[in-house]
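Asks: Next input, structure requested:
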Amino acid sequence: MKRKILVNVFFAVLVSVMLSGCFIIKNGLIELDESINSAWSEIDNQLQRRSDLIPNFVNTVKGYAAHEEKVYTDIADARSRLAGAQSVEEKAEGYNSMQSALSRLLVVVEQYPDLKANANFIALQDELAGTENRIAVARKRYNDSVRSFNTKIRAFPGSMFAGNMGFSPRQYFEINASAREAPAVQF
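Replies: The predicted model follows:
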């Protein structure tokens, strides 16, 4: 009789420890998931900030280089694609399109020395540069959060529970290969 009680107590303690472990793992995964959501929100904020600055930047350049209509159209298209993007992959594609269009715009800017000396243009260029730095920091934080989360759900013991708890790997915010190349500037 005493042995049966001891076995029951042992199993009760074992089950309690296992349940506690499951709750600890789930809460840790939820915390990491929310960290990713928060980091993604910061990327969205900075992309919106850049999107808000770009029309002023383009209009300033238009005053000097009205004949560069293709560049302006590309920027407007990239801006609308980025605004309509929903997933990480779509945002990354929109970001890459915007980077490419802005690179072409900066090539146009190089052809107009008076524009580069314009105070309004300089202020906007500084704002855009600051925003690009904020985007880079936000992307790094997001990707660090994704790395931590993906590692946790792939490593033991998280790998045993993550799928059953509804957690799956998250996507990194990556740039495409063409965005890694510096634009050609010709004088």
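Asks: from the chain's centre, how far out does the lowest-mean-pLDDT helix or strand in the chain sit?
Replies: When each helix and strand of the chain is scored by mean pLDDT, DSSP states H and E, helix 113-117 comes last, with a mean of 82. Distance of helix 113-117 from the chain centroid (C-alpha atoms, centre = their mean, to the nearest Å) equals 33 Å.
Asks: Mind listing what's buried along it?
Replies: Neighbour-count burial for helix 113-117 flags residue 115 (criterion: 16 or more other C-beta atoms under 10 Å). (Glycine included, C-beta is placed from N, CA and C.)
Asks: what do you get for stretch 47-59?
Replies: The neighbour-count check on stretch 47-59 (16+ other C-beta under 10 Å) flags 47, 49, 50, 51, 53, 54, 57, 58 as buried.
Asks: if I look at the nearest residue to residue 170 once chain neighbours are set aside, how far off is residue 173?
Replies: In space, and not counting its chain neighbours, residue 170 is closest to residue 146: 4.7 Å by C-beta to C-beta, 6 or more residues apart in numbering. In this view, residue 146 and residue 173 are 8 Å apart by C-beta to C-beta, to the nearest Å.
Asks: next one: residue 98
Replies: 14 Å.
Asks: Phi and psi next, for residue 45.
Replies: Main-chain torsions, residue 45, degrees, to the nearest 10: phi -60, psi -50.
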